[in-house]
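Asker: only the shape, not the letters, is given here:
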């Protein structure tokens, strides 16, 4: 038994061990909170609650398990193992596809699944005179012939076994793509209102996930317009126009993301962004603006929102198509035709004002005037950047090609020998296929009948 490091590293036992080890690492990563995935405040709170445990886990690299030295070493060994397995399999396939061609097989002694004896007219195929005719017949059936009519070997789809290597390569590519994706993935959500500019500031992302290797995307653009598309009062899509760093306008839709610096920005949600301005209503200071901002709120009818401004807590209720009937506020449709907000203003936990305002109207709340000046839209983008997706896609593509080649263009072999006797010339023909034995039986029978007719 070969005990060399090469043999041990390329053995099936090593492959199984590495797969199980990596699986265990991934399970630990799901069970133990990971620093890169957990919110920073939550991680700090967890460490403050159990400092000894967290410190021990950090020392072992288990709070950043996907980039720990142990995990990286296991991945390296696994790829080496897979490479060695492919190398060994390549040697076997090379021998399979070349050895038989160098020395034709004896159809009598060879292990073949199908055999037939074909009687030929005297003198036919003797001395190699009709090699061209036999080769032409087999060639029309897709076979390549080696040897002479006295003893020959023919093969169809000779290189089909190499598709096995292509399948292994596809697996290799998918693994590499998965690893690259895990370590280079950047994702987060970004909320931008019409007229708002973004210059790649990481702190402006929500649910930010920074890549373990590489850098965040450098995005520079501004949102020009964001509008819902409605049909009969129902929202059917979103159209967003942006200006990129060069000042060129781009159209972004639900199924048409904006791509820049390797990142894709997909529209995830659309909301309304009313401009509220709070002014001082106290005599002598009346009209002095205290604060104002475009507030990002939901565009869903009757959806409640909340924001704080100038020391006030303001709860909102949205009416996209406002109407008041019998003293009650309601929305006639979901289409934004006549927007209005019902505001409930609190200070120090006490309600100091409540009412409904439309663009240009003011709500008086104690010592404050709250003006609803105008309304814009805001859009939520899901931003993602990673380099493994294309590699994984290439792996799947090669896997499909390999399966098609292996299962539909499978290898068939023939071995033949001519001999002369008292009853004339006899062609002994044997055949086999890698797959589909029953189907090949019909194919072999038809080939034998053709040889009888044409030789």
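Answerer: Structure received. Keep in mind that what you see is a predicted model, and the values were worked out from it rather than measured. Numbering: from 1, shown residues only.

Asker: what about residue 42, which SS state?
Answerer: In the three-state summary, residue 42 is assigned as helix, counting by DSSP: H, G, I helix; E, B strand; the rest coil.

Asker: quick check on the closest residue to it other than its chain neighbours: phi, psi?
Answerer: Using C-beta to C-beta, 6 or more residues apart in numbering and skipping the chain neighbours, the partner closest in space to residue 42 is residue 33 (7.9 Å). From N, CA and C alone the C-beta is placed, and that goes for glycine too. In this entry, residue 33 is assigned phi and psi values of phi -60, psi 130 (degrees, to the nearest 10).

Asker: for the stretch 151-300 of the chain, which segments count as helices?
Answerer: Chain-ordered helices for the stretch 151-300 of the chain, with DSSP state H, counting those that start in this stretch as the definition, fall at 162-184.

Asker: output the below-cut-off pLDDT ranges for it.
Answerer: Applying pLDDT under 70 to the stretch 151-300 of the chain flags the ranges 232-235, 283-286.

Asker: for residue 413, give the beta-bridge partners.
Answerer: Each beta-bridge partner of residue 413 is listed here, defined by DSSP bridges: residue 155, residue 432.

Asker: who are the contact partners of the residue nearest to residue 42?
Answerer: By C-beta atoms under 8 Å, 6 or more residues apart in numbering, the contact list for residue 33 reads 42-43, 46, 63.

Asker: would you mind listing which of those residues are buried?
Answerer: Burial by neighbour count, judged by 16 or more other C-beta atoms under 10 Å, picks out 43, 46, 63 from these.

Asker: show me where the stretch 51-200 of the chain has strands.
Answerer: Remark: strands assigned in the stretch 51-200 of the chain by DSSP state E, counting those that start in this stretch are 114-120, 143-148, 151-156, 186-193, 197-198.

Asker: how many residues are close by residue 415?
Answerer: Neighbourhood size, residue 415 [other C-beta atoms under 10 Å]: 25.

Asker: A strand includes it, no?
Answerer: Yes. Read with three-state DSSP, residue 415 is one of the residues of a strand.

Asker: pLDDT score for it?
Answerer: Looking at residue 415, its pLDDT is 86.

Asker: any buried residues in the host helix or strand of residue 322, and which?
Answerer: When secondary structure is defined using DSSP states H and E, the element that contains residue 322 is strand 322-325. Across strand 322-325, burial judged by 16+ other C-beta under 10 Å covers residue 322.

Asker: could you list every helix and strand in contact with it?
Answerer: For strand 322-325, the packing partners by 3 or more C-beta pairs under 8 Å, 6 or more residues apart in numbering; DSSP states H and E come out as strand 328-331.

Asker: contact partners of the strand it packs on?
Answerer: By C-beta under 8 Å, 6+ apart, the residues outside strand 328-331 that reach it are 301-302, 317, 319-324, 340, 342, 356.

Asker: between those residues, which sits nearest residue 193?
Answerer: Minimum separation from residue 193 among these (C-beta to C-beta) is found for residue 320, which lies at 17.3 Å.

Asker: excluding residues flanking it in the chain, which one is nearest the closest one?
Answerer: Nearest-residue entry for residue 320: residue 336, 4.3 Å, with adjacent residues in sequence omitted and distances by C-beta to C-beta, 6+ apart.

Asker: okay, now the one you found: neighbour count?
Answerer: Number of residues near residue 336 (other C-beta under 10 Å) recorded here: 21.

Asker: residues of stretch 391-411 that come out buried?
Answerer: Applying a neighbour-count criterion of 16+ other C-beta under 10 Å, the buried positions in stretch 391-411 are 391-392, 394-395, 398-399, 402, 405-406, 410-411.

Asker: the closest residue to residue 366 other than its chain neighbours - how many residues pack around it?
Answerer: What sits nearest to residue 366 in space, not counting adjacent residues and going by C-beta to C-beta, 6+ apart, is residue 352, at 3.8 Å. Applying the criterion other C-beta under 10 Å, we find 15 residues in the vicinity of residue 352.

Asker: neighbouring strands for the one helix or strand residue 352 maps to, and are they parallel or not?
Answerer: Assessed by DSSP H and E, residue 352 sits inside strand 350-357. When sheet partners are counted by DSSP bridges, strand 350-357 sits next to strand 340-347 (antiparallel).

Asker: tell me the pLDDT at residue 108?
Answerer: What the model reports as pLDDT for residue 108 is 59.

Asker: mind starting the numbering at 54 from now?
Answerer: From this message on, residue numbering opens at 54, which makes the last subject residue 161.

Asker: isn't residue 397 up against residue 409?
Answerer: No. Because the distance of 10.4 Å does not satisfy C-beta atoms under 8 Å, residue 397 is recorded as not touching residue 409.

Asker: domains in this structure, by residue range?
Answerer: Per the record's domain assignment (automatic domain parsing), the chain is made up of the domains 58-145, 156-213+462-507, 235-324+434-439, 327-422.

Asker: could those go into JSON lines alongside distance to residue 222?
Answerer: As requested, these are arranged in JSON lines below (distance: least, C-beta to C-beta, whole Å):
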{"stretch": "domain 58-145", "distance to residue 222": "7"}
{"stretch": "domain 156-213+462-507", "distance to residue 222": "15"}
{"stretch": "domain 235-324+434-439", "distance to residue 222": "21"}
{"stretch": "domain 327-422", "distance to residue 222": "48"}
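
Asker: which of those domains sits closest to residue 428?
Answerer: With C-beta to C-beta as the measure, domain 327-422 is the member of the domains of the chain nearest residue 428 (4.5 Å).

Asker: please tell me how far the residue nearest to residue 95 sits from residue 106.
Answerer: As judged by C-beta to C-beta, to the nearest Å, residue 86 and residue 106 stand 11 Å apart.

Asker: now swap in residue 466 and tell me
Answerer: As judged by C-beta to C-beta, residue 466 and residue 106 stand 64 Å apart.
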